[in-house]
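[1] I'd like to go over a predicted model; first the sequence, then the structure.
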Amino acid sequence: MAEREFSFWDKKAETMPRNEIETIQLELLKKQVENALLTPFYKERLTKVGITSPNDIKSLDDLKRIPFTTKHDLREVYPYGLLAVPHSEIVRVHASSGTTGTPTVIYLTAKDVDMAADTMARGLAAAGCNRYDTCQNMMTYGLFTGGMSFHYGAEKLGMTVVPTSSGNTLRQIKFMHDFGTSVTHATPSYMLHLHQAMKESEYKREEFKWRIGISGAEPYSEQLRNKMEQELGIEVYNCYGMSELNGPGVAFECQLRQGMHVWEDRYIMEIINPDTLEPVKDGEEGELVMTILCRDAMPLLRYRTRDLTHVITEPCACGRTHRRIARFTGRTDDMLIINGVNVFPSQIEEVLLKAKGVGANYLIVVDKKGDLDKLTVQVEVTPEVFADDARVLNNLRDTLKSEMQALITINPAIELKEPGSIPQAETKAKRVNDLRPKD
Ligand code: AMP
Ligand code: ZN
């Protein structure tokens, strides 16, 4: 049998021997440290551990001397505390949810934007996309990186990009049909929703050219991938990323679809035990920690992603030498991902604490409505508000709804409850009830 041909974007870089990857990592790490020392935040952190010049990084082992960076740190330096180039060099800003109202921000130079697009193009090529494809990007355009960062990578690969952004399912389907869309980018939950709507539409499946679905931004299981592939008649590729690391495309599945290749000449990956903060043994599960190697505007060293995974130790038969990580199994914090949007319970609490008339207890309920996630916030009101007329309750509901939407960008249902009606936890309050099936 003839050997299978796999598609590449930059075959030389993607298949280079490990020692070459490590040489590049060391060289770029030094450059990142040099850059980081230009920021007051890292200058203080690095000086404390005796790193005052890039020459203090002599081998990749020296990475371990560098303290971790967390989402909390990024909030502390909001908005531009990690700027390592003159502001005039910045051409783009993105942001993601912080644990409270302060988002985490990233900024990019023109070179950084191009580098991120190139990294994304690698992933898309690995998934078998090419310049003859028409790609519909159904992720939200805006501060969220799933829109523009993906878009630039898809254009870089030479695909025809249709920037529909999220929502408006019937229009999505019409465009998929009319433009001959062959590749889609959407969250797994939206893919299923889309499929359902497609079945109910005037079009037949054979009238679509849909062949590849790139799906990420939220966890999903292998079973769900199989279900999507069977029901939609496409290949589904897992893609991982986060705003802080330039968005989606940090790790991507190749055509063998057995774990996601992390582009190790552009990121140094570590897997640590989240309790001891020590590295785990090769192949053991732990928290992914990433150091970005190719961003001038904003260094990020040993960033704790909070995402749990493990390294797949066997080499991949596609020929890529960049190691793979397995599907994520969870997070080490309480961040919820609702239809691809990050939501921290603390953000919801922040709105509730500010509002007048809110009582002692609340509960965040996440469930499925059809294929999409649904967020409901049950809120006890004070006895006074409860005794008041319906207008007061309606006003409170509307205020909570609009303030939460402004902060978390998704529209929650608000259920106002009688005082004392939400069961009080005996020990630690249970604030989140996630009823979504795990598969
Ligand atoms: P954001 O910064 O809004 O892009 O969100 C990043 C977070 O989304 C990550 O830290 C993960 O928790 C989650 N995420 C992104 N891609 C995936 C994926 N393929 N599988 C599981 N979780 C993902
Ligand atoms: Zn591979």
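    Arrived safely. Ligands and ions are numbered 1, 2, ... in the order given.
[2] and the host helix or strand of residue 268, anywhere near ligand 1?
    If you go by DSSP states H and E, residue 268 is part of strand 267-272. No - counting by CB under 6 Å from any ligand atom, no contacts exist between strand 267-272 and ligand 1, the nearest distance being 13.5 Å. Every residue, glycine included, has its C-beta placed from N, CA and C.
[3] Residues in contact with that strand: which ones?
    Strand 267-272 is contacted from outside by 25, 29, 60, 63, 245, 250, 262, 278-280, 284-293, 302, 304, 309-311, 323, 325, using CB atoms under 8 Å, 6 or more residues apart in numbering.
[4] Compute the distance from the centre of that strand to the centre of its chain.
    Relative to its parent chain, strand 267-272 has a centroid offset of 16 Å by CA atoms, centre = their mean, to the nearest Å.
[5] Can you name the element that comes right after it?
    Following strand 267-272 in sequence, per DSSP H and E, is strand 286-292.
[6] Tell me what angle the helix or strand just after that next one forms with strand 286-292.
    Remark: after strand 286-292, the chain's next helix or strand is strand 303-309, criterion DSSP H and E. Computed by axes from the mean of the first three to the mean of the last three CA atoms, to 10 degrees, the angle separating strand 303-309 from strand 286-292 equals 140 degrees.
[7] What angle do strand 303-309 and the strand holding residue 268 make with each other?
    Put simply, strand 267-272 runs at 60 degrees to strand 303-309, going by the same axes, to 10 degrees.
[8] quick one: contacts for residue 409?
    residue 341.
[9] Who are the packing partners of the longest strand anywhere in the chain?
    When the chain is parsed with DSSP state E, its longest strand is strand 358-369. When contacts are defined as 3 or more CB pairs under 8 Å, 6 or more residues apart in numbering; DSSP states H and E, strand 358-369 packs onto strand 336-338, helix 345-354, strand 372-381, strand 432-434.
[10] Adding mean neighbour count and mean pLDDT, write the ones you listed out as JSON lines.
    Shown next, in JSON lines, are the helices and strands packed on strand 358-369 (neighbours: other CB atoms under 10 Å; pLDDT from 0 to 100):
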{"stretch": "strand 336-338", "mean neighbour count": "20", "mean pLDDT": "94"}
{"stretch": "helix 345-354", "mean neighbour count": "17", "mean pLDDT": "88"}
{"stretch": "strand 372-381", "mean neighbour count": "20", "mean pLDDT": "95"}
{"stretch": "strand 432-434", "mean neighbour count": "13", "mean pLDDT": "92"}
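[11] closest to ligand 1 out of the ones you listed?
    Ligand 1 lies closest, by CB to the nearest ligand atom, to one member of the helices and strands packed on strand 358-369: strand 336-338, at 5.7 Å.
[12] Where does residue 333 sit: helix, strand or coil?
    Under the three-state scheme (DSSP: H, G, I helix; E, B strand; the rest coil), residue 333 adopts coil.
[13] tell me the average confidence for the strand holding residue 268?
    Per-region confidence: strand 267-272 scores 98 on mean pLDDT.
[14] In that strand, which residues have enough neighbours to count as buried?
    267-272 (16 or more other CB atoms under 10 Å).
[15] With just CA atoms, put that strand into PDB.
    Only the C-alpha atoms of strand 267-272 are listed here, as PDB (Å, rounded to 0.1, in the frame of the first residue of the first chain):
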ATOM      1  CA  TYR A 267       6.000  27.700  22.500                       C
ATOM      2  CA  ILE A 268       7.800  25.800  25.300                       C
ATOM      3  CA  MET A 269       5.400  23.400  26.900                       C
ATOM      4  CA  GLU A 270       5.600  22.100  30.400                       C
ATOM      5  CA  ILE A 271       3.200  19.900  32.300                       C
ATOM      6  CA  ILE A 272       3.200  20.400  36.000                       C
END
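[16] Show me what residue of the stretch 51-200 of the chain gets nearest to ligand 2.
    Residue nearest to ligand 2 within the stretch 51-200 of the chain (CB to the ion): residue 126, separated by 6.9 Å.
[17] roughly how far apart are that residue and residue 253?
    Counting by CB to CB, to the nearest Å, the gap from residue 126 to residue 253 is 7 Å.
[18] Report pLDDT for the closest residue to ligand 2 within the stretch 151-300 of the chain.
    At 3.2 Å from ligand 2, residue 254 is the closest residue in the stretch 151-300 of the chain, using CB to the ion. With respect to pLDDT, residue 254 scores 98.
[19] Just give me the neighbour total for it.
    Using other CB atoms under 10 Å, residue 254 has 26 other residues around it.
[20] list the contacts for it?
    Taking CB under 8 Å, 6+ apart as the test, what residue 254 contacts is 6, 126-127, 261, 316, 318, 320.
[21] Columns neighbour count and pLDDT on top of these, output as a markdown table?
    As requested, the contacts of residue 254 are arranged in a markdown table below (neighbours: other CB under 10 Å; pLDDT from 0 to 100):
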| residue | neighbour count | pLDDT |
| --- | --- | --- |
| 6 | 19 | 94 |
| 126 | 27 | 98 |
| 127 | 22 | 98 |
| 261 | 23 | 98 |
| 316 | 19 | 98 |
| 318 | 19 | 97 |
| 320 | 24 | 98 |
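[22] In helices, which of the residues you listed appear?
    residue 126 (DSSP state H).
[23] Adding distance to residue 230, write the contacts of residue 254 out as a markdown table.
    Compiled in a markdown table, the contacts of residue 254 are given as follows (distance: CB to CB, whole Å):
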| residue | distance to residue 230 |
| --- | --- |
| 6 | 23 |
| 126 | 23 |
| 127 | 18 |
| 261 | 25 |
| 316 | 24 |
| 318 | 23 |
| 320 | 27 |
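[24] Looking at the contacts of residue 254, which one is closest to residue 298?
    Nearest to residue 298 among the contacts of residue 254: residue 261, at 24.0 Å, using CB to CB.
[25] I figured that closest one hits residue 319, correct?
    No - Residue 261 is beyond contact range of residue 319, at 10.7 Å (criterion: CB atoms under 8 Å).
[26] Find residues that contact each of these two.
    By CB under 8 Å, 6+ apart, the residues touching both residue 261 and residue 319 are residue 14.
[27] coming back round to it: any chance of the helices and strands packed on strand 358-369 in TSV, with distance to ligand 1 too?
    Below are these laid out as TSV (distance: least, CB to the nearest ligand atom, whole Å):
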stretch	distance to ligand 1
strand 336-338	6
helix 345-354	13
strand 372-381	13
strand 432-434	14
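[28] Could you work out which of those reaches nearest to ligand 2?
    Of all the helices and strands packed on strand 358-369, strand 336-338 sits nearest to ligand 2, with 25.6 Å by CB to the ion.
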